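J.: Return atomic coordinates for the entry below.
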Amino acid sequence: MGYRGSKSSLLVELNNLSHIVPYVHSPFGRVLVPYVPSKALVPYVSKVSLTSIAVKEQRVDGSWGVKTYHLSSNPLRCTLMGFERNYPIKIPTNQLKTMQFSTSSGLNPWFITGFSDAEGSFIISIYKSDTSKLKWRVTAYFSIHIHIKDIAILESVKNSFGVGNVRKNSNTTALFRVDNVKELQIIIDHFDKYPLIGAKLSDYILFKQCFELIKVKQHLTKKGLEKIVSLKYNINKGLTEELVKAFPSAQPVDRPDYTCNGIKNPFWLAGFASGDSSFYVSIENAKNSKQDKTNKTRVRLGFGTNLHIRDKQLLVAIANYLTIWPIHIYEGKSQQSAVLQIRSYSQIVSKVIPFFNEYPIIGVKSLDFADFKKVAELVKDKEHLTKSGLKKILNIVEGMNLRRENS
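T.: Modelled structure (predicted):
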């Protein structure tokens, strides 16, 4: 008999990775993965939301925000947050130290590119400076801005590049940043060899043109500065009102056309999912028909990725790479967001879970994904159809994310 308690409407968002085993085929190569106390993780439990989703938006200064969009049709049964860095939580520094990974061989370069497609920013900052001859100063930098709970990932990125700095940006966020011209050349060389495949590629192309001007000190000339302003028009969200007024003769350089040419390497997807994908479990009431008055319970697992509409091609590429069919992508009413959902249990256990077992996502999502797999095993054994089995699932779900306690 199915469980009929009040918790049957509970929806929990999970975030992802494989079992912690002695050795894994990881973004660092073949490495030993240490045990991580569960208290080091960041949990999140959400009620069901049927009409809205949250979408990350990158600001001109390289920071980020989350905006909610309402769905026009086929409302989702789950809330795919995917942006855990925004959660209003604090993690003691001594707990952050528990999230360590072997970095003797560095992160896989495709993992870094995938993570950067999800979380990285290419920024051209132009601001007033009384000490500059032109009264304006230009700074180019590459940054990754995430929740402080995953600061260990930033340290791994830094170690892999061998350049940049990692610092605590606020009580809840951490920042990896490279702004030295010589060090930025290493970043440019990386993304030329292991290119971005999302819409962020267009930002990178314009950013690189600005960098080439800065490298030969053209930003110190009036003509060079105006070229950079023209390029900046279509990087991220463009120019501030102050810059538009200050450079009225600057003409926008067209943003390069973007076409997703598919995923080149499995580690790209592991890196991207580490930043922008979610694993979730929903427990909900289900009826076979309007005439069915019984209070049955359904346990559903899903993998979701939630992006700006300009990256809809990328969502299709992810589904194709995982050989998912049919592909379910939902668009928001405002036409500003797109959501990929994989909710077929057979495809979850035969394609999604095996993929991330072989190409693990790193960071605090790993323990939540391990719990996700526990639920999948219980469903496989049909324990979710029993009161005791459903109770096990509820206990797993309630012990995840913000409600996770140190074991």
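
J.: make it CA atoms for all contacts and neighbour counts henceforth
T.: OK.

J.: Show the low-confidence segments of this protein, by residue range.
T.: Counting by pLDDT under 70, the chain contains low-confidence residues at 1-105, 286-295, 334, 401-407.

J.: Please repeat the previous calculation with a cut-off of 50.
T.: The chain contains residues with pLDDT under 50 at 1-26, 28-104, 289, 406-407.

J.: For my notes, confirm K391 occurs in a strand.
T.: No: secondary structure assignment (DSSP: H, G, I helix; E, B strand; the rest coil) places K391 in helix, not in a strand.

J.: Counting neighbours, show which residues of stretch 325-344 come out buried.
T.: For stretch 325-344, burial by neighbour count (16 or more other Cα atoms under 10 Å) applies to 329-332, 336-344.

J.: Export the residues you listed to CSV and append columns for distance to Q185.
T.: Shown next, in CSV, are the buried residues of stretch 325-344 (distance: Cα to Cα, whole Å):
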residue, distance to Q185
I329, 37
Y330, 39
E331, 38
G332, 38
Q336, 33
S337, 33
A338, 34
V339, 35
L340, 35
Q341, 38
I342, 39
R343, 42
S344, 44
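
J.: And the residues you listed, which two are furthest apart?
T.: Pairwise distances across the buried residues of stretch 325-344 peak at 25.8 Å for Q336 and S344 (criterion: Cα to Cα).

J.: From the opening residue of stretch 127-146 to its closing one, how far?
T.: Terminal residues of stretch 127-146 lie 25 Å apart, using Cα to Cα, to the nearest Å.

J.: Make TSV from the buried residues of stretch 325-344 and add secondary structure to it.
T.: TSV is the format used below for the buried residues of stretch 325-344 (three-state DSSP):
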residue	secondary structure
I329	strand
Y330	strand
E331	strand
G332	strand
Q336	coil
S337	strand
A338	strand
V339	strand
L340	strand
Q341	strand
I342	strand
R343	coil
S344	coil
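
J.: list the buried ones in stretch 154-170?
T.: Going by neighbour count (16+ other Cα under 10 Å), the buried part of stretch 154-170 is 154-161, 163-166.

J.: Quick check: of those, which lies closest to G106?
T.: Distance to G106, by Cα to Cα, is smallest for S160 among the buried residues of stretch 154-170, at 4.6 Å.

J.: what's the closest residue to P266 other than its chain neighbours sitting at in phi/psi?
T.: Leaving out its chain neighbours, the residue that sits closest to P266 by Cα to Cα, 6 or more residues apart in numbering is Y359, at 7.0 Å. Here is the backbone geometry of Y359 (degrees, to the nearest 10): phi -120, psi 80.

J.: How many residues are close by Y359?
T.: 23 (other Cα atoms under 10 Å).

J.: Quick check: it vs K237, distance?
T.: For Y359, the distance to K237 equals 33 Å [Cα to Cα].

J.: what's the first-to-last distance across stretch 209-228?
T.: Stretch 209-228 has an end-to-end distance of 8 Å (Cα to Cα).

J.: Name the residues that touch that stretch?
T.: The contact list for stretch 209-228, computed with Cα atoms under 8 Å, 6 or more residues apart in numbering, reads 124, 133-134, 138, 140, 181, 231, 247, 250.
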